[in-house]
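Asker: Let me see the structure of the following:
(chains A and B)
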Amino acid sequence: MSQPFRIAGHGRVDHAQPVRFTFDGRTVEGRRGDTVASALLANGIHLMGRSFKYHRPRGVVSAGSEEPNALIGTSRGPGRFEPNTRATMQEVRQGLTAESQNKWPSLSFDVGAINDRLGRFIPAGFYYKTFKWPRSFWDKVYEPFIRQAAGLGKSPTEADPDHYASRHLHCDVLIVGGGPAGLAAALAAGQSGAETVLVDEQAEIGGTLLSEPGVRIEGQGAWDWLAAALAELRTMPNVRLMSRTTAIGYYHQNMVGLCERLTDHLDVLPEGAPRERLWRVRAGQVVLAQGAIEKPLVFDGNDRPGVMLAGAAQTFLHRFGVKVGNRVAVVTSHDSAWHGAFDLAHAGVKVAAIVDVRAEVPRVLTARAEALGIEVLTGHTVTGTTGRLRVATVRVNPVQGGRVGAGRTIACDALLMCGGWTPSLHLFSHTKGSLAWDAEAGAFLPDRKTEECEIAGAGRGLWGVAAALEDGARAGAAAAKAPGRVAGVGTFAVEGDRTGSGVVAKELPTDRDAGLAKAFIDFQNDVTAKDIRLAVREGMRSIEHVKRYTTNGMATDQGKLSNINGLMIAADALGKEAPAVGLTTFRPPYTPTTFGALANLRKGRHFEVTRRTAIDAWAEATGAVFEPVSLWRRAWYFPQAGEDMHKAVARECRAVRTAVGMFDASTLGKIEVMGPDAATFLERMYTNPWAKLQPGRCRYGLLLGEDGFIRDDGVIGRLAADKFHVTTTTGGAARVLNMMEDYLQTEWPDLDVWLTSTTEQWAVVALQGPNARKLLEPLVEGLDLSDDAFPHMAVVECTVAGFPARLFRVSFTGELGFEVNVPARHGRALWEALWQAGQAHGVVPYGTETMHVLRAEKGFIIVGQDTDGTVTPQDAGLGWAIGKAKTDFVGKRSLARPDIVAKGRKQLVGLLTEDPAVVLEEGAQIVADPNQPIPMTMIGHVTSSYWSEALGRSIAMALVEGGRDRMGEVLHIPMPGRTLRAKVTVPNFVDPDGQKLKV
Amino acid sequence: MLLIHCPYCDETLPEPEFAYAGEAHIARPADPMALSDEEWRDFLFIRSNPRGNHFERWRHVNGCGRFFNAVRDTVSDKFAMTYRAGEPRPNLDALKEAAE
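Answerer: Just a heads-up that it's a prediction; the model follows:
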């Protein structure tokens, strides 16, 4: 391939190394060191995408990470597709597949471009004005339309096969930005001995120096000085240089997040290499040396392919050896574009004209231009461009005394613009550091700092290589002094430096109807100058409102190019000064960051911990189906051949009610409460009385918050006068321990009590059913398990199947039941011993679903299912669990509050559907009168609902307003297509007198 | 991510080791039943929510497990100091003077 716009031997790319990739299916050749953007430009391709709203043809605007237009999809095979990659940042690699976005059917002919013609009908705020009514249009018309139009690139649909690494790093000085200021800072800090890290987002460290080879530093060419400086830094063991590394966010106390790109530039993926690495750096001092970003000028047609920033053209020329055109025109409000034009002229590019909006331009610039044969048009404006897929002409007009004169057109194949420079203070803004408008610099500069940081170079409005070097050295030395080191401030002799100044412009003046101009501010979101003015006319006063109404600055580039232009125009429309209007807030990340880097190792199995009990492997081997319960995975049911869930649960339920079932209850939270004041402590924490509970007995405990609402429950056994075995719900264990610790440490530090989490120390097997005692008896040594000797709610420390155990006689099913606790390491062996012994007694393993059905048949609540944080003991029918004689416990006072004792609170009741075959949906809403107009008054909802195998019908529990006064009443549950009827009952469906426990 | 000084461990450690635990210096009344409904409501729900220095509780939950108190600026998120549970509310003016 010819690469007609490549200058042989020029730039920092390796001309001996061609690299081939495809763009929209067409093979393109670049050079090693190219970005996709520079390689396309070398081949004369400016058209790189279509815009978001109007589908206008767009080309590359910048040469860096601020690029708004040249967003491409990149791929290197299945699952490795990435949308919205900036072509200016993606380095070329052999075989890279790149495609343009937001076009159909093709980039050069796009149907959606009709939006461009309709532009006047879809102004700012269009969505808010149009998609309002009729209401019925929402689902079928408006929402599909908005969804179709939303977003630029297409999300990949396959799982990402790459992995992403993560590291922590601590250093004395972190320097962000590897231009002259950052390098000088690194030299100063490094020489002092401070642990120093320098990061730069580009593939090559050097920043501006890479685009300014003509500057001489310390008698060397810029690139020689750069090479020497990097070589010196590399010899320092205390300095770490990181390229392709973006500082994405600056967080509290000098924590900076870095994203390092490791493989996207490589032809061949190294086996097992992470694609990106996320660094969390904690730095003693941070030096922000991020330079400045060039501003576009705002005029009609400033978005045509071929119209780009003058500094970008200079970078493409010097760094990549690429001419952005053969005949360029320049429009500027700042000196810097003049230098870029001179460089292009020296490289053999015809510069048709330099248009400067300023009437007065330094004579040294105009003289040089004239010497190079460039037409100089000071005091001029640009009022339009032509060219369908590439700029062809630019229309320029003289401006005198505020009046725009007659226009003339100048032919060009590229138009370079420069509206001055915006200090890059995004990271500084992340720290809530404040900015102050500097009228002389025409920019916001850093003001009040909140973190230990220095801002150096163009970031604080200092232009030119000499100023950047000097300021960087100062910042680096200052940062290094903080850790107690002596650092010298270097001085640099610089020749050929190109400082300059400019003016801040709003839209350029025009002789045409400004209302028809397509003068873009935010290229990526297609926001024009007139959109900003419309927003102000329609009442937006705050810059934050203007931003949201117009979407200015809300694209993936966060308005790096557009914010100041938008502000200037909004300020003009509001008749205020820029600082009085203010800036919107920059937030992390600095540039778009992959989900992969952020999610990092936390994906798939590592997304969160899976807790498994000692018996989990047995359940898995037996074919259990599992369900997650908080972080645990628990056996849900144990299907046999041919069984679905319903059949398996019905069989498990029958077995427990008629024979005996085994249940892995190990996940129950367990807290050992010990000490002389243990009983006093529980007395204060739980609603129930504990002082008189005898060792060897246990009791259902109910825990409230101080607001009187149920927080947790569980059986508590007293093993000795000073030793309690507290159980909690599976999900509530950590919360309950935290609450107990809180009261013990901060309210009652005088109590002599120790709390220890023992959840994972004990494996627990529940044996439930009429045969439970028969199964267990032979395995328990020297203990009488008869009802008289070991009655319901007894607890004992003993030996079961040869293992030391805590044996509880408790029931969460209404059947005769035992729970055997053994040290977790014996859990599997205990389970298997019980399983063996149970074969003679018809034992079945059962899971959490059967457990739920059996407890619901008894009306036992599950905290968090039948309660929701607004349910008191009385609401739940647990008033009996409150120690009537107790003067205080957590939540007691709240139970006397007026709204807690008021009539009509929701109370837990049973529901029996009129049709016994219908199982209500949990969460279904309940109404008293199904014929009332919509929206109906809802009086409650279904909390638990199951098929009861014992009753041969459905059962349900529900929270219903004044529920206990509605016994026998028929309530209605409206469902799609039908309304169900159910009768209110007491929530205790099986063996309501509890006879089965007394055996 | 904040760095927080645990006054029990006497070490400055990263935020994930700690959990926020609400406003500090709100003691549970010795006899809640003696309080009027309004007084009890205030104890339960009414919090100062200041702009600026906030006295608050933290727990070194993934460390020593102790609850302690802190003074943190709700605007800047910066900790002025941390101190042990049970210690009196520090005098912020004195603190400011000491810093200057």
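Asker: tell me which element residue A:734 is part of?
Answerer: Per DSSP states H and E, residue A:734 falls inside helix A:733-742.
Asker: Just the CA atoms of that helix, as CSV, please.
Answerer: Output in CSV follows, covering the C-alpha atoms of helix A:733-742 (Å, rounded to 0.1, in the frame of the first residue of the first chain):
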residue,chain,number,x,y,z
ALA,A,733,-25.2,-14.2,61.9
ALA,A,734,-22.7,-11.4,61.2
ARG,A,735,-25.3,-8.7,61.8
VAL,A,736,-26.4,-10.1,65.1
LEU,A,737,-22.8,-10.5,66.3
ASN,A,738,-22.1,-6.9,65.3
MET,A,739,-25.2,-5.7,67.1
MET,A,740,-24.2,-7.6,70.2
GLU,A,741,-20.7,-6.3,70.1
ASP,A,742,-22.0,-2.8,69.7
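Asker: is any part of that helix close to chain B?
Answerer: Yes: counting by Cβ under 8 Å from any Cβ of the partner chain, chain B is contacted by helix A:733-742 at A:738, A:741, A:742. To be clear about C-beta, it is placed using only N, CA and C from the backbone, and glycine gets the same treatment.
Asker: Let me see the mean pLDDT of whichever helix or strand comes after that helix.
Answerer: Sequence order places strand A:754-757 as the next helix or strand after helix A:733-742, per DSSP H and E. Strand A:754-757 carries an average pLDDT of 98.
Asker: Next up, the contacts around residue A:561.
Answerer: A:61, A:62, A:66, A:68, A:293, A:294, A:295, A:296, A:522, A:523 (Cβ atoms under 8 Å, 6 or more residues apart in numbering or on different chains).
Asker: the bottom helix or strand of chain B by mean pLDDT?
Answerer: helix B:92-99 (a mean of 71; mean pLDDT, DSSP states H and E).
Asker: So which elements touch that one?
Answerer: Judged by 3 or more Cβ pairs under 8 Å, 6 or more residues apart in numbering or on different chains; DSSP states H and E, helix B:92-99 is in contact with strand B:79-84.
Asker: mind running it again at 10 Å?
Answerer: strand B:53-59, strand B:79-84 (3 or more Cβ pairs under 10 Å, 6 or more residues apart in numbering or on different chains; DSSP states H and E).
Asker: most packed of these?
Answerer: strand B:53-59 (a mean of 20; mean count of other Cβ atoms under 10 Å in any protein chain shown).
Asker: Parallel or antiparallel, list what pairs with that strand.
Answerer: Applying DSSP bridges to the sheet, strand B:53-59 is found paired with strand B:19-23 (antiparallel), strand B:67-73 (antiparallel).
Asker: so it versus helix B:92-99, what angle?
Answerer: Counting by axes from the mean of the first three to the mean of the last three Cα atoms, to 10 degrees, strand B:53-59 lies at 90 degrees to helix B:92-99.
Asker: what about strand B:53-59, distance to the chain center?
Answerer: Put simply, strand B:53-59 sits 2 Å off its chain's centre (Cα atoms, centre = their mean, to the nearest Å).
Asker: Stretch A:954-966 now?
Answerer: 41 Å.
Asker: can you check stretch A:771-784 too?
Answerer: 55 Å.
Asker: And that stretch, what's buried?
Answerer: By neighbour count with 16 or more other Cβ atoms under 10 Å in any protein chain shown, stretch A:771-784 contains the buried residues A:771, A:772, A:773, A:774, A:775, A:776, A:779, A:780.
Asker: Name the residues of the stretch 151-300 of chain A found near chain B, please.
Answerer: Proximity of the stretch 151-300 of chain A to chain B (Cβ under 10 Å from any Cβ of the partner chain) is limited to residues A:168, A:251, A:252, A:253, A:254, A:255, A:257, A:280, A:282.
Asker: Verify the stated contact: the second one with residue B:1.
Answerer: Yes: applying Cβ atoms under 10 Å as the test, residue A:251 and residue B:1 come out as touching, 6.0 Å apart.
Asker: quick one, which of the two is more surrounded?
Answerer: Comparing residue A:251 with residue B:1 by neighbour count (other Cβ atoms under 10 Å in any protein chain shown), the higher total belongs to residue A:251, at 17 against 13.
Asker: one step back: between the least confident helix or strand of chain B and strand B:79-84, how many degrees?
Answerer: Put simply, helix B:92-99 runs at 110 degrees to strand B:79-84, going by the same axes, to 10 degrees.
Asker: on that earlier part again, would you format the residues of helix A:733-742 next to chain B as JSON lines with distance to residue A:300, pLDDT and neighbour count included?
Answerer: As requested, the residues of helix A:733-742 next to chain B are exported to JSON lines (distance: Cβ to Cβ, whole Å; pLDDT from 0 to 100; neighbours: other Cβ atoms under 10 Å in any protein chain shown):
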{"residue": "A:738", "distance to residue A:300": "63", "pLDDT": "98", "neighbour count": "16"}
{"residue": "A:741", "distance to residue A:300": "68", "pLDDT": "98", "neighbour count": "17"}
{"residue": "A:742", "distance to residue A:300": "66", "pLDDT": "98", "neighbour count": "16"}
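Asker: Could you let me know which of these ends up closest to residue A:672?
Answerer: residue A:741 (13.2 Å; Cβ to Cβ).
Asker: Skipping its backbone neighbours, what lies nearest that closest one in space?
Answerer: Spatially, and ignoring its direct neighbours in sequence, residue A:741 is nearest to residue A:755 (6.1 Å; Cβ to Cβ, 6 or more residues apart in numbering or on different chains).
Asker: Which strand residues bridge the one you found?
Answerer: residue A:673.
Asker: So what's the residue count around it?
Answerer: Neighbours of residue A:755 (other Cβ under 10 Å): 20.
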